[in-house]
Each structure stands twice: as C-alpha cells, then as structure tokens.
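Trainee: let me see the structure of the following:
(one chain, ligands or ions: 1)
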Amino acid sequence: MNNKHETIDLQYRDTAHHWHPFTDTRKLSVKGPRVIKKAKGIYLWDSEGNRLLDGMAGLWCVNLGYGRSELIDAASRQMKELPYYNTFFQTSHAPVIELSTMLAHLTPGDLNRFFFTGSGSEANDTVMRLVRTYWDTLGKPEKKTILARHNAYHGSTVAAASLGGMQAMHAQSGLPIPDIVHIAQPYWFDEGGDLSPEEFGFRTATALADEIDRLGENKVAAFIAEPVQGAGGVIVPPENYWPEVKRICAERDILFIADEVICGFGRLGRWFGSQTYDLKPDLISMAKGISSGYLPLGAVAISEKVAQPLIERAGEFFHGYTYSGHPTCAAVAMENLRILHEERIVERVREHTVPYFQKAWSTLTDHPLVGEARSIGLMGALELVPDKASRKRFDNIGQVGETCRDLCLDNGLVMRAVRDSMIVSPPLVITDEQIDELIERARKSLDLTLKKVKHR
Ligand code: PXG
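Mentor: Sure, this is the predicted structure:
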C-alpha cells in the first residue's frame with residue numbers, strides 16, 4: 001500500500017470504530033484524523049510523510065522528547081523481570097519503592113509519601129478522597145468543600161472534571177458534584193478589564209478569602225490550583241497573585257493542593273512549579289512529565305501533615321487502582337527522572353533554554369494579530385485579537401484560533417488553540433535552532449491567518 005492508500009484506510013477505520021477524546025465526531029468524520037506514525041526528538045511524522053515540530057510535547061508530557069532508547073530499554077528490562085504486580089494487600093516491588101524514594105527527594109518540603117495512579121485525573125480523584133478523609137479523621141467531617149478556579153483543568157473523571165472549572169464539561173454531564181465551588185481565575189488579559197495586572201492579581205486572590213469567609217472556614221477543606229493554568233490557556237498569574245494566595249491560605253485552616261500535572265518535572269525551569277512560586281502545598285498531583293508520557297503514570301504527593309493523622313487514625317484507605325504503582329511504568333518513570341537529573345536538563349531549561357525561548361517568543365508581540373505574547377518556563381501563549389489596544393476578542397470566539405492551528409499544521413508545527421489563544425509547550429530538550437524554527441513557522445502561520453481573517 002502506498003502512503004495515500006494506507007492513510008485513507010486507517011482514517012476510514014478510525015472514524016468507523018474509534019471514539020476520540022475531546023472531539024466532535026461529526027466534524028472528524030468529514031475530515032478524517034491526521035495519523036501520526038513515528039517520532040524522534042521533538043519531531044513527529046504523519047502517515048503521509050509530513051514532518052511536524054511538536055510544539056506541545058505530545059499533550060504537555062513528552063518532556064525528554066521522543067525515541068530515548070534508555071526508557072524503552074528500562075521498560076523491556078522490567079517487563080522481562082516483572083511486567084505487572086499489584087501494590088495492594090501488603091505487597092510491593094523495587095521499581096515503585098525506588099520511584100517513591102526519588103520523588104521524596106525531588107519534591108519540596110515534607111512531601112514524603114506517594115500514592116500512584118494511572119493518570120492525572122485519577123490523581124485528582126485520589127486527592128479529593130484523601131482530603132476529605134483527612135478532615136474526617138481530625139473530627140471535622142463538615143470541612144468538605146473544595147475550592148477550585150473557573151477555567152481550570154484537573155482532568156476528565158467525574159471528580160476531576162468537577163474540580164475543573166470548564167463550563168462546557170460541566171454542562172454535558174450534570175457536573176460539578178456537590179461541595180465544589182469555583183472562584184475567579186487570574187487571567188488578566190481576558191478578565192482584567194481596566195484594572196492593572198497588580199490590581200487584578202489582588203482582586204482574584206482576594207476572591208479566595210471572600211469565598212472561604214462566605215462559606216465559613218469550618219466548611220472548607222482545601223483549595224486546588226495549578227501553579228500556571230495550562231489547558232486553560234497558559235494563564236500566568238500577576239506577580240502578586242501567589243504571594244497573596246499563600247498569605248490567605250496560611251491564615252486559614254485549609255489544605256492547599258498544587259496540581260502539577262503540567263508544571264511538574266521541569267516545565268517551569270524547576271522540578272516543580274511550586275518551587276518557582278515558593279508555594280508550600282500539602283498535596284501535589286502529578287502525571288505527564290513523570291514518565292515523559294512513554295507510559296501512563298500519575299501520583300499524589302502527600303505531606304507529613306496530611307499523612308500522620310491518616311496513619312494514626314484512619315485505618316484502611318479504601319481506594320486504589322489495579323495499576324497503582326505499575327512496575328513497568330515506575331521503572332520507565334525512574335529512568336526518565338534519572339536522565340533529567342544526570343543530564344541536568346531542568347537546570348539547562350532554567351539557565352539557558354527558557355531565557356532563549358522567552359526572548360524569541362516575545363518577538364511575536366509585533367505581529368498585527370497578537371495582543372499579547374506571554375510565556376513562563378517553556379510554555380507560551382499568543383492572544384489573537386482584532387484590536388491590540390482594547391484586548392477585545394473576535395466575534396466568533398475560537399474560529400480564528402482553529403484557523404491558525406490548522407495553518408500551523410500545514411506549516412509543519414503543532415501548536416494548540418485554546419479558544420483564540422495559541423499555545424506551545426515544547427519538549428524540554430528543544431535546542432536554540434529548533435526554537436528559531438518554531439518561531440519562524442509560528443510567524444508564517446500567523447501571517448497566513450491574518451490574510452484569511454482579512455479575507456473573511
Ligand atoms: N491536571 C492538569 C493540570 C492537567 O493538565 C490533568 C490534570 C488530567 O490528567 P490526565 O492524565 O488524566 O489527562 C491534566 C491533563 C489539552 C489537554 O488539550 C490537557 C490535558 C489533558 C488532555 C488535553 O490541553 N491535561
């Protein structure tokens with residue numbers, strides 16, 4: 001079969017039998033999916049031989065890039081020795097023990113214990129159960145409500161989607177479940193109005209205090225937030241936001257949960273985003289970069305403050321997944337962390353790649369379509385707007401973003417559209433030349449998008 005026929009055959013069977021996540025199946029059936037065939041470093045190849053620069057590191061996860069033989073060998077070695085065994089019923093195995101020990105070294109503060117899951121969503125479900133059990137154990141079962149933010153993404157299971165603040169997700173399935181309350185997000189570009197970023201940072205942080213006071217501190221269990229919202233649109237909070245939130249949490253008896261599924265493992269130039277912002281989370285949920293996406297794995301880091309009462313008084317924690325601490329996933333994650341550590345990749349990102357990327361990314365500010373080109377660590381967003389000064393949006397929100405995303409793909413670049421924000425989060429191993437290539441392709445795609453917008 002030649003490439004074209006093979007592609008058509010795969011597309012046909014895909015649309016007939018494969019139900020995709022976050023996809024309009026009717027639209028997909030008309031167009032057929034792009035079939036990705038192989039990958040190396042930061043590049044992907046589709047079934048027709050087109051090469052794409054993967055500006056999204058898969059889905060914010062392939063931090064080491066594709067094709068690292070050490071990870072493949074680690075999986076193969078572990079599968080030969082012990083492909084699977086569970087961690088229920090008082091058993092364990094070396095890979096999960098080694099990984100837990102390594103994570104205890106890497107995570108900030110006294111986050112010393114790790115519950116393993118298969119994904120970030122499962123990690124956030126676990127967090128919810130841990131938090132509520134913690135307060136029960138302390139004799140405060142009424143401390144149940146979890147505060148989260150509008151437009152946050154915490155995953156797709158019922159609990160994780162409820163914690164998330166995505167209205168479209170809630171609307172489809174009667175979510176959120178009870179006792180989850182959403183507060184304002186620190187998205188100055190979209191919601192800051194006439195306020196300065198500082199005024200807006202203060203206002204959105206204060207929303208947390210106001211909500212806790214409104215509900216009563218005795219009803220609030222925890223606040224969950226990503227250090228930087230990823231899927232929401234790379235929302236970098238104003239500088240005063242986190243210091244203010246930290247102060248509010250410290251003055252009140254609630255737990256703070258950092259969702260580091262995207263920010264963890266070097267994305268912001270430190271091992272965890274909590275270190276970038278000097279946060280002191282009681283729990284951290286993590287996934288994605290923990291294994292560079294080579295195998296599915298998530299985890300919850302538990303501080304001693306949370307662990308001790310649970311150990312002393314809660315008895316059995318009735319929660320767990322068949323694949324909690326899967327040995328092959330753990331072995332691959334361990335190898336991933338070893339490479340990140342030994343090749344000093346997180347340090348290189350912080351000291352070299354991020355300054356280079358930030359400078360290059362900010363040059364896109366001069367483009368007529370770009371209202372803001374912001375970045376933090378190796379994450380960037382471009383706000384596409386018809387009028388830079390007013391930050392006003394296009395009428396048919398999301399359409400220009402989709403056009404730009406498709407043009408990026410035509411130009412060999414995977415860039416994600418979140419409404420009319422264009423997002424990148426490339427593998428941490430991206431080189432300076434590859435950053436130049438990413439920017440050049442992005443600029444070309446923006447030029448073509450502008451042409452189309454004018455034409456419309
Ligand atoms: N928390 C955060 C902060 C995430 O970004 C999850 C939890 C859930 O993880 P799992 O492993 O269950 O998917 C995520 C996942 C996108 C996109 O289009 C983002 C995610 C997943 C899928 C798509 O930006 N983030």
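
Trainee: residue contacts, the residue positioned nearest the centre of the chain?
Mentor: Nearest residue to the geometric centre of the chain (CA atoms, centre = their mean): Ile262, 2.9 Å. Under the criterion of CB atoms under 8 Å, 6 or more residues apart in numbering, the contact list for Ile262 reads 60, 226, 228, 230-231, 288-289, 379, 425. For the C-beta atoms, the positions are set from N, CA and C on the backbone; glycine is no exception.

Trainee: cool, Leu99 as well?
Mentor: 114, 325, 330, 333-334, 337.

Trainee: among those residues, which lie within strands?
Mentor: Phe114 (DSSP state E).

Trainee: buried only: go through the contacts of Leu99 for me.
Mentor: Buried by 16 or more other CB atoms under 10 Å: 114, 325, 330, 333-334, 337, out of the contacts of Leu99.

Trainee: tell me the one among those residues nearest to Gln78.
Mentor: Set against Gln78, the nearest of these by CB to CB is Ala330 (8.0 Å).

Trainee: do you know how far that closest one is from the ligand?
Mentor: Using CB to the nearest ligand atom, to the nearest Å, one obtains 16 Å as the distance from Ala330 to the ligand.

Trainee: could I get the contacting residues of that residue?
Mentor: When the contact criterion is CB under 8 Å, 6+ apart, the partners of Ala330 are 78, 95-96, 98-99, 116, 297.

Trainee: and which of those is nearest Val30?
Mentor: Proximity to Val30 was ranked across these by CB to CB; first place goes to Leu297, at 35.3 Å.

Trainee: the contacts of Ile262 in helices, which ones?
Mentor: Secondary structure assignment (DSSP state H) places Trp60 from these within helices.

Trainee: the ligand contacts on the stretch 151-300 of the chain?
Mentor: Taking CB under 6 Å from any ligand atom as the test, the list of the stretch 151-300 of the chain residues beside the ligand reads 153-155, 226, 230-231, 259, 261-262, 287, 298.

Trainee: neighbour-wise, which one of these leads?
Mentor: For these, neighbours were counted using other CB atoms under 10 Å, and Asp259 has the most, 32 neighbours in all.

Trainee: re earlier: turn the residues of the stretch 151-300 of the chain next to the ligand into a markdown table, columns for distance to Arg13.
Mentor: Putting these into a markdown table (distance: CB to CB, whole Å) gives the following:
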| residue | distance to Arg13 |
| --- | --- |
| Tyr153 | 30 |
| His154 | 33 |
| Gly155 | 29 |
| Glu226 | 37 |
| Gly230 | 32 |
| Ala231 | 29 |
| Asp259 | 36 |
| Val261 | 32 |
| Ile262 | 32 |
| Ala287 | 30 |
| Gly298 | 30 |
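
Trainee: show me what the one helix or strand Ile435 maps to is packed up against.
Mentor: Using DSSP states H and E, the secondary-structure element containing Ile435 is helix 432-455. Counting contacts by 3 or more CB pairs under 8 Å, 6 or more residues apart in numbering; DSSP states H and E, helix 432-455 packs against strand 51-54, helix 354-362, strand 379-384, helix 399-410, strand 413-414, strand 421-424.

Trainee: just to revisit the earlier point, which member of the residues of the stretch 151-300 of the chain next to the ligand is positioned nearest Asp278?
Mentor: The closest of these to Asp278 turns out to be Glu226 (CB to CB; 15.7 Å).
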